[in-house]
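1. what's the 3D shape of this:
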Amino acid sequence: MTTILIFPFLSISTGHHHVADSLHTNPGIQGHQCEKIDIFSYAYGRVERMSSAAYLKWIQYFPKVYSAVYHLLACGNHRPKKRHYMYELMFLKNMQKIIAEKKPDIVFCTHALPSYLLNRLKVQYPGLTVVNVYTDFFVNRIWGREHIDYHFAPIKDIKDQLISEGVDEGKIFLTGIPIHHSYKTAAGLMEEEGNQPHYNILITGGSMGVGGIFKLVRELSPQGSAVYHILCGKNEKLYRYVKSANDPFIKPLPYIESKAEMNRLYEQASGIITKPGGVTISECIEKRLPVFIYDALPGQEEMNLNILKKKRLVMELKKGKEEPIEKQLLSFLSSRDGTVRHSLNISRYVHETSERDVGEILEKIMMAANR
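-> Numbering: from 1, shown residues only. Okay, here's the model as predicted:
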């Protein structure tokens, strides 16, 4: 039996964890011993929760500062000899301890920090297979390159970038961002209520309490042509706020644990308003849903948005009173030319990232690790 570790980072329910969960439940590694570990929680326990809360506050109240720091530390050209001594001081010995304790055959990294650490340590563990699974549509310079065995690239641009940085093309799989296998199946549609508005819009991105979703709700002003289902996650403040508005066309939804239920919501939707997180966008692409961006958190989401707009995979909503949100949505959804162009852009992206099924790649990696 193969021993597998999956490393996201922090305990916040971000794309790093969603991709880790999609790998953990993928049929390609079922039957093997698999465990997900956050090295910060492993090393520092309760301090991690305090740090996660501080991180969210930083993004919420000082977005420009966070953006500037992120670009300074993580963006720009990859430098193979660049050392991040603070990360090494905080986590390197703990990573060595985890490897010694768990004795994994394969490690999947869904965050740059564990990838960096394992890239530094790889020469000490020649039999260990390390895989980078990128969760955004770009790759920052902290991710390890030189000693990583395989890379799951989200887009062709990233594959080309990695090759230009010296990564062997044979080690790169163009997979897109891995999503849970539940979203790759058709779902039975839920029963519709009588006199249902023509369009059904999902709104997500407020589960962590950061971003502009409260402002978005205030700006919706539904006119009856669409009903808006707001996915509140565990954000009880948001749920209460939407519920108190008592608008028949704006309906809050509490935390949804079931992937099958979420799949049905996707399939019933005419479009989704969200932030440009890599996993959410990838789920929407899988379901061929038009994506409207209302806000982007500083750092990763800013970078994602720029790339997604260039590839015409998302539409950015105009803010404020420039044009009512519902008018913008209806302008696109009722336009055959717009929807056909969007469908072509989605098909082009899906074709580009469908070289190999993720499950087949995982099975290949398992077999190679066991030789």
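2. in which helix or strand does Lys309 reside?
-> Taking DSSP states H and E as the criterion, Lys309 maps to helix 300-310.
3. list the contacts of the helix or strand following that helix.
-> Proceeding N to C from helix 300-310, the next assigned helix or strand is strand 315-316, under DSSP H and E. By C-beta atoms under 8 Å, 6 or more residues apart in numbering, the residues outside strand 315-316 that reach it are Pro290, Val291, Phe292, Ile293, Leu305, Lys309, Phe332. Every C-beta, even on glycine, is put in place using the N, C-alpha and C of the backbone.
4. only alpha carbons, please: show the helix holding Lys309 as CSV.
-> Extracted C-alpha coordinates of helix 300-310, given in CSV (Å, rounded to 0.1, in the frame of the first residue of the first chain):
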residue,chain,number,x,y,z
GLN,A,300,-3.7,35.6,-5.8
GLU,A,301,-7.2,36.6,-6.8
GLU,A,302,-5.9,39.8,-8.4
MET,A,303,-3.5,37.7,-10.5
ASN,A,304,-6.2,35.2,-11.4
LEU,A,305,-8.5,37.9,-12.5
ASN,A,306,-6.0,39.4,-15.0
ILE,A,307,-5.3,36.1,-16.6
LEU,A,308,-9.0,35.0,-16.7
LYS,A,309,-10.0,38.3,-18.3
LYS,A,310,-7.3,37.9,-21.0
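5. can you find the helix or strand of the chain with the lowest average pLDDT?
-> When each helix and strand of the chain is scored by mean pLDDT, DSSP states H and E, helix 46-61 comes last, with a mean of 79.
6. circling back to that earlier point, okay, the contacts of strand 315-316 in JSON lines with distance to Gln124, pLDDT and neighbour count next?
-> Below are the contacts of strand 315-316 laid out as JSON lines (distance: C-beta to C-beta, whole Å; pLDDT from 0 to 100; neighbours: other C-beta atoms under 10 Å):
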{"residue": "Pro290", "distance to Gln124": "48", "pLDDT": "96", "neighbour count": "22"}
{"residue": "Val291", "distance to Gln124": "43", "pLDDT": "97", "neighbour count": "21"}
{"residue": "Phe292", "distance to Gln124": "48", "pLDDT": "97", "neighbour count": "20"}
{"residue": "Ile293", "distance to Gln124": "43", "pLDDT": "96", "neighbour count": "21"}
{"residue": "Leu305", "distance to Gln124": "39", "pLDDT": "96", "neighbour count": "20"}
{"residue": "Lys309", "distance to Gln124": "42", "pLDDT": "95", "neighbour count": "14"}
{"residue": "Phe332", "distance to Gln124": "53", "pLDDT": "94", "neighbour count": "15"}
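7. so which of those residues belong to strands?
-> Taking DSSP state E as the definition of strands, those contribute Val291, Phe292, Ile293.
8. can I get those in TSV including distance to Thr129?
-> Listed next are those as TSV, based on distance: C-beta to C-beta, whole Å:
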residue	distance to Thr129
Val291	34
Phe292	40
Ile293	36
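9. closest one of the residues you listed to Lys275?
-> Nearest to Lys275 out of the ones in strands among the contacts of strand 315-316 is Ile293 (C-beta to C-beta; 6.8 Å).
10. what about the closest residue to that closest one other than its chain neighbours, how many neighbours?
-> Nearest non-adjacent residue to Ile293, counting by C-beta to C-beta, 6 or more residues apart in numbering: Glu316, 4.7 Å away. Per other C-beta atoms under 10 Å, the neighbour tally for Glu316 reads 16.
11. state the pLDDT value of Val217.
-> Note for Val217: predicted pLDDT of 89.
12. same deal with Met1?
-> Here the pLDDT value assigned to Met1 is 78.
13. low-scoring stretches of the stretch 251-371 of the chain, by residue?
-> Scanning the stretch 251-371 of the chain for pLDDT under 70 picks out 320-321.
14. quick one: the helices in it?
-> 259-268, 278-286, 300-310, 325-333, 336-352, 358-369 (DSSP state H, counting those that start in this stretch).
15. compute the first-to-last residue distance for stretch 215-227.
-> Using C-alpha to C-alpha, to the nearest Å, the end-to-end distance of stretch 215-227 comes to 18 Å.
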